[in-house]
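Undergrad: From the sequence below, what's the structure:
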Amino acid sequence: MPIAVILRYSMQRPFFSYLPFTEGCAKLLWVYYMANEKTFQEAIQAIQNGENEKARELLTSLLKSDQNNPEYWLWLSSVVEVNSEKIFCLESVLRLDPNNKAAQRGLVLLGGRPAGNDI
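TA: Predicted structure coming up:
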């Protein structure tokens, strides 16, 4: 696992912040990362299969453990049903990744933001 991934996950989770960065800590972070990655791939597969409710549940559970992942918010925006929820998800993406073009376009299409020249 690249050290950047370990650092990203250790910095985002206060639970891990007090642990010394040991081999055991790295293994724990790796297991945690892989579990989330597997769930994320299941959510994407559910979306592709038209199982929006299942995808919504999976993405919601991922966001409970990592609210700072813009990819989770972006995918969730595709399966929530109410436009205000879609807008909230896309705004969350932009709060975390201000240059995310997909979120910017989605907000324009939903009327959440005015169209600009750069979109």
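
Undergrad: CA only for contacts and neighbour counts going forward, please
TA: OK.

Undergrad: shouldn't Leu90 be in contact with Leu74?
TA: Yes - counting by CA atoms under 8 Å, Leu74 is a contact partner of Leu90 at 6.1 Å.

Undergrad: Gly116 in helix, strand or coil?
TA: coil (DSSP: H, G, I helix; E, B strand; the rest coil).

Undergrad: I'd like the numbering to begin with 2 instead of 1 from here.
TA: I'll keep to 2 as the first residue from here, and by that count the last item is Gly117.

Undergrad: Could you give the number of residues near it?
TA: 9 (other CA atoms under 10 Å).

Undergrad: same question, Gln42
TA: Neighbours of Gln42 using other CA under 10 Å come to 13.

Undergrad: For it, give its distance to Leu95.
TA: 22 Å (CA to CA, to the nearest Å).

Undergrad: Repeat that for Gly51.
TA: Plainly put, Gly51 is 26 Å away from Leu95 if you go by CA to CA.

Undergrad: When those two are compared, which one has more neighbours?
TA: Leu95 (20 against 12).

Undergrad: where exactly do the helices run in this structure?
TA: Along the chain, counting by DSSP state H, helices occupy 4-13, 15-18, 24-49, 53-66, 71-78, 84-97, 102-111.

Undergrad: Let me know which of those is tucked in deepest.
TA: Counting by mean count of other CA atoms under 10 Å, helix 71-78 has the highest mean neighbour count of the helices of the chain, with a mean of 22.

Undergrad: Now it: average pLDDT?
TA: Helix 71-78 carries an average pLDDT of 96.

Undergrad: and it with helix 102-111, angle?
TA: 30 degrees (axes from the mean of the first three to the mean of the last three CA atoms, to 10 degrees).

Undergrad: Dump the C-alpha coordinates for helix 71-78 into PDB.
TA: Provided in PDB are the C-alpha atoms of helix 71-78 (Å, rounded to 0.1, in the frame of the first residue of the first chain):
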ATOM      1  CA  PRO A  71     -15.800  13.200  -2.400                       C
ATOM      2  CA  GLU A  72     -16.100  10.000  -4.500                       C
ATOM      3  CA  TYR A  73     -18.700   8.700  -2.000                       C
ATOM      4  CA  TRP A  74     -20.700  11.900  -2.100                       C
ATOM      5  CA  LEU A  75     -20.600  12.000  -5.900                       C
ATOM      6  CA  TRP A  76     -21.800   8.500  -6.400                       C
ATOM      7  CA  LEU A  77     -24.500   9.000  -3.700                       C
ATOM      8  CA  SER A  78     -25.800  12.000  -5.700                       C
END
